[in-house]
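>>> A structural model of the following input is requested.
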Amino acid sequence: MMSSEPGHAHSDGDHDHQHGAEVTQSNERRIRLVFILTAGYALVQAIGGWLAGSLALIADAGHMVSDSAALLLALVAYRVARWPIDAQRTYGFHRVRVLAALANGATLLLLVAWIAWEAVQRINQPAEILAGPMLVVATIGLVVNLIGAYALWSGDSGDSNLRGALLHVVGDLLGSVGAIVAAIGIMLTGWSVLDPLLSVLVAGLVIRSAWGLVSDSIRVLLQATPKGIVADEIEAGLQNLPGIAEAGHFHAWTLTDESIVATVHVSPKEGIDPLTLPSVVASFLKEGHGIDHVTVQVDPRGALLARHA
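Predicted coordinates for the structure are as follows:
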């Protein structure tokens, strides 16, 4: 695809001109199923944790309530992402999914902090725990979370919104495992302090994944260079292509989970038709670096060297 602007060309490779990534209905259905399971069981676990006096269950119930809200936000994000492109939003609404993923990670970090605080209070002042009911409720929760985790894991791994939902469910799953271990330990030893100690352990396991989701979302929103993309190396590779004398001013950023966008300046060698360069550059970036949307500005020979001088 070529623009009418002199010295400027725009190429999308072989596909049609579509800035937005596809929002699959399969991913949306998976999240809807997990939302129903999570929201329904959160109430059961909260009541069970209160009756059993278990911080591990209460913390996991709070985690699941947070996850239910996050999953609902993810569902809303999928719907918004399907809104059509308009004159004011030429890239569409797909970054709403990135915002949802950021919110998911942030709520997880806040929840981890709350669990840690409550655990410290329980360690200092141990409370009586009914290990039997705690074990039954935690086991049911483990089954529910395994179903939800499998439903999300078998979806599109490149979707950060789906990934965020999966991390929430994995956190719930670990919480259920911790509650089961704590219940068995309390039944065997009578040490009620096992409940808050295992809650802290679960919080520690969740925090790493949550921070990764938050940092990745922030990178996308700040339009940082995608991981694995090195500007200097790409410019050097472009300059070695037939017909290109100079290459520079390369910039790349992640538009959505599935799409990387780039701009670059090149200048032709003597005797080369400048209009042939955009397709050459687009093919190199798509095949070698997975960049499927590039804007190429063709400058006169020597212009890039003059700018760097």
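>>> quick one, strands of the chain?
Using DSSP state E, the strands found in the chain span residues 8-11, 244-256, 259-268, 293-298.
>>> ok, the second one: who's next to it in the sheet?
Paired neighbours of strand 244-256 in the sheet (DSSP bridges): strand 259-268 (antiparallel).
>>> distance between the partner strand and the chain's centre?
In terms of CA atoms, centre = their mean, to the nearest Å, the centre of strand 259-268 is found 26 Å from the chain centre.
>>> quick one: average pLDDT of it?
Summarised as a single mean, pLDDT over strand 259-268 is 91.
>>> so where is this structure shaky, pLDDT-wise?
Where the chain drops to pLDDT under 70, the residues are 1-24, 56, 63, 66, 77, 81, 155-161, 205, 256-258, 305-309.
>>> can you name the farthest residue from the center of this structure?
Distance from the C-alpha centroid of the chain peaks at Gly271, with 46.6 Å (CA atoms, centre = their mean).
>>> and that one, what are its phi and psi?
Backbone torsions for Gly271, taken as degrees, to the nearest 10, come to phi 90, psi 0.
>>> how close does it get to Val98?
Noted for Gly271: a distance of 45 Å to Val98, by CB to CB, to the nearest Å. C-betas here are computed from N, CA, C, even on glycine.
>>> and if you look at Ala42?
From Ala42 to Val98 the distance is 26 Å (CB to CB).
>>> just Trp114 next, same as before
Distance, Trp114 to Val98, using CB to CB: 25 Å.
>>> what about these two, which has more around it?
Neighbours were counted for Trp114 and for Val98 using other CB atoms under 10 Å; Val98 has more, 24 against 14.
>>> Val65 is in contact with Tyr41, isn't it?
No. Using CB atoms under 8 Å, Val65 is not in contact with Tyr41; the gap is 10.3 Å.
>>> out of the two, which sits in the busier spot?
A direct count of neighbours by other CB under 10 Å for Val65 and Tyr41 places Tyr41 higher, at 24 against 17.
>>> Please name the nearest non-neighbouring residue to that one.
Spatially, and ignoring its direct neighbours in sequence, Tyr41 is nearest to Val144 (4.7 Å; CB to CB, 6 or more residues apart in numbering).
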